[in-house]
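**Student:** below are the sequence and a predicted model for it; my questions follow.
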Amino acid sequence: MAITDTFAQLRRRYSQDNPQALRNPWIIGWLGIIVMFLAFNAVFIYLAITTNPGLVTEDYYEKGQQYEHNVLKLMAAQKALQWETKLAIPAQIVTRQTGVYRFSAVDARGVPIIDADVQLVAYRPSDADADILAPMNQVAPGQYETRLALPLPGLWDLNITVKNGDDEFHLSHRISATRS
């Protein structure tokens, strides 16, 4: 009979009929939910502050205004060049495995663009610290290449900038790298 008495005492102690609020199971349940909600939010706030990827530049407003004022001029200048370009990337991009990236360019008359300054930037949209700048070397007239190993899986933007005298050309291409 001792077990029956123990259950009876527990039932009286933690029942909805108990006048003490903190002994009511409904109150205990709601307080538990509120504490869990606040704890999860505290963890999320901590993670948001400590794992900042740094994707926002310090002078974002000024850069945005400059881009807005100059974007039409840049687009017209690039279209006036009438360059025919081609980007060749590895068939399968695997992290930490070096691949060869080739870029070729010819002008409107079909003459190769030679001795240009060609830069490839592998930009990771989710983590600015992982960005890679890789200069491309001329291997033949109008053909440039670089070897590149991406350190992390996921989406990457390849941004190629070609400077040939006063002419400047930009090309962007999105790729996806898989785990090795």
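**Tutor:** That came through fine. Numbering: from 1, shown residues only.
**Student:** tell me the centre residue of the protein?
**Tutor:** residue 126 (1.8 Å; Cα atoms, centre = their mean).
**Student:** contact partners of stretch 93-106?
**Tutor:** With contact meaning Cβ atoms under 8 Å, 6 or more residues apart in numbering, stretch 93-106 is reached by 83-90, 112-113, 116, 118, 120, 134, 136, 142-153, 158, 160, 162, 169, 171, 175-180. In this view, the C-beta of every residue, glycine as well, is placed from N, C-alpha and C.
**Student:** from the middle of its chain, how far away would it be?
**Tutor:** The chain centre lies 20 Å from the centre of stretch 93-106; the measure is Cα atoms, centre = their mean, to the nearest Å.
**Student:** all strands of this structure, in order?
**Tutor:** 84-88, 99-106, 117-123, 132-140, 143-148, 154-164, 167-177 (DSSP state E).
**Student:** now for residue 160, how many residues are close by?
**Tutor:** Residues lying near residue 160 (other Cβ atoms under 10 Å) number 22.
**Student:** skipping adjacent residues, who's closest to it in space?
**Tutor:** residue 171 (4.4 Å; Cβ to Cβ, 6 or more residues apart in numbering).
**Student:** would you mind confirming that the one you found is in contact with residue 85?
**Tutor:** Yes - assessed by Cβ atoms under 8 Å, residue 171 is found in contact with residue 85 at 5.9 Å.
**Student:** before we move on, the earlier item: can you give me the pLDDT of the residue nearest to residue 160?
**Tutor:** At residue 171, the model reports a pLDDT of 93.
**Student:** show me where pLDDT drops low in this structure?
**Tutor:** 1, 5, 7-19, 21-23, 52-56 (pLDDT under 70).
**Student:** okay, domains of this protein per the record?
**Tutor:** Following automatic domain parsing, one gets these domains for the chain: 2-50, 82-177.
**Student:** include distance to residue 72 when you put these into JSON lines, please.
**Tutor:** Below are the domains of the chain laid out as JSON lines (distance: least, Cβ to Cβ, whole Å):
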{"stretch": "domain 2-50", "distance to residue 72": "37"}
{"stretch": "domain 82-177", "distance to residue 72": "14"}
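**Student:** pick the most deeply packed of those domains.
**Tutor:** When you average the neighbours per residue for each of the domains of the chain (mean count of other Cβ atoms under 10 Å), domain 82-177 leads with a mean of 15.
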